[in-house]
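In: Predicted model follows, preceded by the sequence.
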Amino acid sequence: MDASQSTLKNVARVALAAMAVLFVLGAVYYKERTLFSDAAYSIFNLINFSRIDVPGGNRYGAAIVQVLPYFARKLHLSVNVILFFFGASYNLFYFIAAFLVYRCRQYAFTILMALFYFLFVSESYIWVDETFHATAWMSLLFALLLYLGNKKVNIFLLLVPYFLLAFITIFSQFVIIIPVTFLLVYLIIEKRNWPFSVNTSILLISAILLIIGLKFLATSSSYDADHLRGVTHFSIKDIITTFQKSVVQMFLYRCLVNYWLGVLVFIIGMVTLIKKKENALAIWTGVSVLGYLIIMGLTYPNLDRNTLLFHIESEWSCIGIIVATPFVLTFLPGLRSSTAVWLLAGIFFVRLIYIVSFIPAFSQRNEMTEQILNQMRKKGITKLALYNDQHLMSLVKLDWGLPFESILMSSMDGDKQKLTFLFVNPDDKKTIGELNNSKDFYHAWMMLPYNDLNKEYFNIDTTKPYQIMTYDEFLK
């Protein structure tokens, strides 16, 4: 093993340790993760219908984190245990993926993967966006590709796992197409870490393009369709005015106050490429970063500081792969092993502080939910609809998942008849009418019949409809 590989191997161990810390953190704060919006919706459906819930847009790669809670449900374990497995499964999957990448001796990709989960991640650590699953699949994709390529295996034996992993990766989340494309081109230009001939490279790229085409076709009638309109219907002016878009300006501001380490990593990597006269790689990296900014400006032009951080951050996070690639592949191998280890450990430590600092807001959400459930018990209310309250809305961040969050927490608390509540807009006459006239469970955008509820976990009161009141009336 040459000196550069030895350096990267030692640093990769630090990266694995950092991923292990994120796993432990996820296990400790599993309630914050699972009792929040989309996660609560998914785990409620898994428990109630005893099936793995694949998110909209055919995001098959997300199903992996539901395997453990699914078997826990099949064993009729408690909601608390099922939620623990669910909350811990996210970073458990990421850690296992990183470990497998390491075992394939792809140390650079182990480091690159870990940096993704730190550099441009803070509040989105709790959020369960499929971008994070897709990145783990992508890392496995490139690790296996390069491992088999270096082993000179038969092309057909290589293409089967490659196509399968590429399909899962790209179908997991649309934005992952950007770093996948970037890395393929980067490795081909660099040549040092690319063990394939020109013809094989064309075949590999063609397979990716085919899957991207399939993803576009599958997305035309899914949740992601509206998000793609900006990148399929734009003008030259839209591109020129990229840096005037609120979403880009807000990101650049956060690069100064939150993601500044990511900026330093990018600068160091680019300077190293220029010093080593790797001009093609420097140009490709710079163009890719600019392209990412343009795509975000086209897709979410008007999202500003009022946009929930965890949501928009999950869309920006993949830029971490692009900015960190020169740093990992070119800069780190030139350092002494001990220097590289301490440098990466410092980066992970500082970013961990940022991640942890955003968790209390999600703990406060759960405390608010518990306080409302306690007041419901005192007043003998089993199903409640509160008119939108400004203070509560600021705490809850997203409120559409409250019916699932509250009934899950009530089940965890051991209530014989499960309690559930939601917020309702006073002007939403349709929903108010349904709540007043139905004795069933409000399932986000519809009433779920009582007979469709799993009574083992979600036995609700069917003797009366939801009680609707203001928060002040509720506290009396």
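Out: Nice, thanks for sending it over.
In: Skipping adjacent residues, who's closest to Ser411 in space?
Out: Val79 (4.3 Å; CB to CB, 6 or more residues apart in numbering). The C-beta positions use only the backbone N, C-alpha and C, and glycine is treated the same way.
In: is it true that Ala20 touches Leu92?
Out: No. At 10.0 Å, Ala20 does not count as touching Leu92 under the criterion of CB atoms under 8 Å.
In: Can you verify my assumption that the residue nearest to Ser411 contacts Leu408?
Out: Yes. Using CB under 8 Å, Val79 is in contact with Leu408, at 6.1 Å.
In: which of those two has more neighbours?
Out: Leu408 (28 against 25; other CB atoms under 10 Å).
In: so what secondary structure elements neighbour the helix or strand that that one is a member of?
Out: Leu408 belongs to helix 402-413 when elements are defined using DSSP states H and E. Packed against helix 402-413 by the contact rule (3 or more CB pairs under 8 Å, 6 or more residues apart in numbering; DSSP states H and E) you find helix 37-49, helix 79-103, helix 360-379, strand 420-424, strand 441-442.
In: May I have it as CSV, with CA atoms only?
Out: Extracted in CSV, the C-alpha atoms of helix 402-413 (Å, rounded to 0.1, in the frame of the first residue of the first chain):
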residue,chain,number,x,y,z
LEU,A,402,-49.9,15.8,14.1
PRO,A,403,-52.7,13.2,13.9
PHE,A,404,-50.1,10.5,13.5
GLU,A,405,-47.6,12.0,15.9
SER,A,406,-50.2,12.3,18.6
ILE,A,407,-51.7,8.9,18.3
LEU,A,408,-48.2,7.3,18.2
MET,A,409,-47.2,9.2,21.4
SER,A,410,-50.5,8.2,23.0
SER,A,411,-49.8,4.6,22.2
MET,A,412,-46.3,4.9,23.7
ASP,A,413,-47.9,6.4,26.8
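In: Give the buried residues for the one helix or strand Ala134 maps to.
Out: Assigned by DSSP H and E, Ala134 falls within helix 130-150. Neighbour-count burial for helix 130-150, counted by 16 or more other CB atoms under 10 Å, picks out 130-149.
In: Find the residue at the geometric middle of the chain.
Out: Asp129 (2.9 Å; CA atoms, centre = their mean).
In: gap between that residue and Ala97?
Out: 16 Å (CB to CB, to the nearest Å).
In: go on, Lys378?
Out: Distance from Lys378 to Ala97, by CB to CB: 46 Å.
In: neighbour-wise, which of the two wins?
Out: Ala97 (22 against 8).
In: Residues contacting stretch 239-256, please?
Out: 262-263, 293-294, 296-298, 300-305, 307, 312, 316 (CB atoms under 8 Å, 6 or more residues apart in numbering).
In: can you pull the buried residues of that stretch?
Out: Thr242, Lys245, Ser246, Val247, Val248, Met250, Phe251, Arg254, Cys255.
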